[in-house]
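Colleague: The amino acid sequence is not available; the structure is as follows:
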């Protein structure tokens, strides 16, 4: 008796396509960029080191590897990866931006002479980032911060800060107001600074990031009740930067205010974390808050979650030692 095998073959082919699609989705879900966004820095580094060993010309992987080391506070390991990315693709703004950032972190912890040399590299990197992408608000705000904080001998200057603010008004006026607020604060004109922070909130239609900036200003001014109210408003505001939720929780923890609000913000953040606020650090913050509420067992779970993502995260290791029986 003969039978037609084509239907069975069709089903096999369909199953094969489904499995292939599933595997492709699984690989995409665990891409290095997604791992960084999820805070899985150990897995990201392992994957990226394998990728660059297979392809020494993969500029994007070198940049991501640099960012992973940045997340881990390992500046000396990250700098060569960032430099390699630029050597492979010298006109990519993002690569210059991250090199400037990691140079900056190293400079902040270096001696005077080393810091001066690194500061020039920071300025050059940020300026190149702006040159290659003039509409990058991140590059312009980082460059503005450098100009604001650096002495003139290495290229700082408030006229340059204002120049970056003027450029930002064309495409991100909220961040332009933030730059002007930072400059006013540096000059101890706190009335003008607050006015600019509130202008940023109005211009952005009240996004979380800009409420956070105002709250940070109010905390610095020791206006803690107002700071707390600003963060309550942040909780119900549009979230333009997810890491604003984590930073808001950290601000509450540092100032000993409304731990329940801080815990809510962290739970919300951890449901959808971002690279800019590593999830392993969010877990550690949550552990600290739970510990202060007397729940040492839950705190230990959060510290373990942090270490599962980044085994070199010493803060979480020390915190775990404190609560373990």
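Modeller: It's in. For clarity, every value in this text was computed on a predicted model and none was experimentally measured.

Colleague: quick one: contacts for residue 235?
Modeller: For residue 235, the contact set (Cβ atoms under 8 Å, 6 or more residues apart in numbering) comprises 248, 261, 264-265. The way it works is simple: take the backbone N, C-alpha and C, and place the C-beta from them, glycine included.

Colleague: Let's see that with 7 Å instead.
Modeller: By Cβ atoms under 7 Å, 6 or more residues apart in numbering, the contact set of residue 235 is 261, 264-265.

Colleague: For the protein, which residue occupies the most central location?
Modeller: residue 276 (1.4 Å; Cα atoms, centre = their mean).

Colleague: Give me the distance between the residue lying closest to that one once chain neighbours are set aside and residue 317.
Modeller: Computed as Cβ to Cβ, 6 or more residues apart in numbering, the closest residue to residue 276 that is not its neighbour in sequence is residue 243, at 4.2 Å. In this view, residue 243 and residue 317 are 23 Å apart by Cβ to Cβ, to the nearest Å.

Colleague: Compare the two (neighbour count), which wins?
Modeller: residue 243 (20 against 14; other Cβ atoms under 10 Å).

Colleague: And the more buried one, how far from residue 137?
Modeller: 15 Å.

Colleague: Then residue 51?
Modeller: 29 Å.

Colleague: ok, now residue 182?
Modeller: Counting by Cβ to Cβ, the gap from residue 182 to residue 137 is 14 Å.

Colleague: And residue 93, by the same measure?
Modeller: Taking Cβ to Cβ, one finds residue 93 at 12 Å from residue 137.

Colleague: Residue 164 too?
Modeller: Residue 164 is 10 Å from residue 137, by Cβ to Cβ.

Colleague: Looking at the two, which has the bigger crowd around it?
Modeller: The residue with more neighbours, out of residue 164 and residue 137, is residue 164; 26 against 18, by other Cβ under 10 Å.

Colleague: Contacts for whichever strand or helix holds that one, please.
Modeller: Secondary structure assignment for residue 164, by DSSP states H and E: helix 158-168. By Cβ under 7 Å, 6+ apart, the residues outside helix 158-168 that reach it are 137, 140, 143-144, 147-148, 175-176, 179-180, 183.
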